[in-house]
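Enquirer: what's the 3D shape of this:
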Amino acid sequence: MVFSTEPVVSVKDTTIYQKHNMVLTDVYFDIRKGEFVYLIGRTGSGKSSLLKILYADLPLYSGDVQVADMQLFNIAKKQIPFLRRKIGIVFQDFQLLTDRTIADNLFFAMKATGWKDSSKMKQRLSDVLLKVGLGSVGNKMPHQLSGGEQQRVVIARALINEPAILFADEPTGNLDPQVAEEILALFIQINHSGTAILMGTHNHHFLEKHPSRVLKCEKGKLLDSAVQAFDYKNIY
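Expert: Numbers count the residues shown, from 1 in each chain. Coordinates of the predicted model:
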C-alpha cells in the first residue's frame, strides 16, 4: 500500500500526563493516512494515556497534537464530538449498552454523532455489520453474543462514520488466542480498505505474524521503529 504523505495524526514536542503525573515526555510522531501502527509497552508505561490524549479523553497540557485536522491543545469541550465523528475508538471492555439490542446500540451511536435520516441509518447499520461479518445479529442482545462477536460489534460501531483512523486500546485483551487472531485479521482488512489504525497491544505474536511499524512506551519516552530498531518482545 502507498501511504499519503499527509498525516492523520501529528504529535510534536508533547508531554503526556495521567492525573498530573508525567508518563511520557518529548513525544514526536506522525501517522499517515492508511498506515497500521502498533503501540506497545509495559502496564503503566503510558499507552492508554497516549491513546486517550489522541481521542481527547484526557486534557493535553503541553505540546502540539493534531488528529484528523483538528488541533487538540486547548480543544473546547463542544468541539470534541466533532473530533469523535472523524475517528473510531475500540475499547478492550466493549462498552456496549446491555439493555438494548445490537441495532439499538449502533443507532444510539449514530444519533450521538448527528445522524437523523432513519433510512440512511438502517442502511449504514447493515453495511457496518456486514463489514465485520455479523450481518444477522441486529436484533440480538449483547449477552447473546460471544466475546469475539461483541468486539466485532464495537468495531462496527467505530466504523459508522467512516473514520480517518481507528484507535484501539488492547482490543483483544479479553479474548482467547484464536478469536484474538480473527479480530486482528479484521483490523488488517479494515486497514487495507484505507483506514489508519493505531492499536495498543501486549501480544507480541501479532507483531511477529503481521509485522508493521511499532511505537513503544518505555521509561518515559516513546520509541519509534521507523526511527530506530528496538526489542519489541519485552513488552510486559
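
Enquirer: any idea how far stretch 127-145 is from the chain center?
Expert: Put simply, stretch 127-145 sits 20 Å off its chain's centre (CA atoms, centre = their mean, to the nearest Å).

Enquirer: Output it as CSV, restricted to C-alpha atoms.
Expert: C-alpha atoms of stretch 127-145 as CSV (Å, rounded to 0.1, in the frame of the first residue of the first chain):
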residue,chain,number,x,y,z
ASP,A,127,-23.2,-2.0,5.9
VAL,A,128,-21.0,-1.9,9.1
LEU,A,129,-22.4,-5.2,10.5
LEU,A,130,-21.7,-6.9,7.2
LYS,A,131,-18.2,-5.5,7.1
VAL,A,132,-17.4,-7.1,10.4
GLY,A,133,-19.1,-10.4,9.5
LEU,A,134,-22.2,-10.1,11.6
GLY,A,135,-25.0,-9.4,9.2
SER,A,136,-27.7,-11.1,11.2
VAL,A,137,-27.2,-10.0,14.8
GLY,A,138,-29.1,-6.7,14.8
ASN,A,139,-32.0,-8.0,16.9
LYS,A,140,-29.8,-9.8,19.5
MET,A,141,-28.8,-8.5,22.9
PRO,A,142,-25.1,-8.1,23.8
HIS,A,143,-25.3,-11.0,26.3
GLN,A,144,-26.4,-13.4,23.5
LEU,A,145,-23.1,-12.8,21.6
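
Enquirer: residues of it that come out buried?
Expert: Judged by neighbour count (16 or more other CB atoms under 10 Å), stretch 127-145 contains these buried residues: Val128, Leu129, Lys131, Val132, Leu134, Val137, Gly138, Met141, Pro142, Leu145. (Each C-beta comes from the backbone N, C-alpha and C, glycine too.)

Enquirer: Could you list the low-pLDDT ranges of the chain?
Expert: Low-confidence segments of the chain (pLDDT under 70): 1-5, 232-236.
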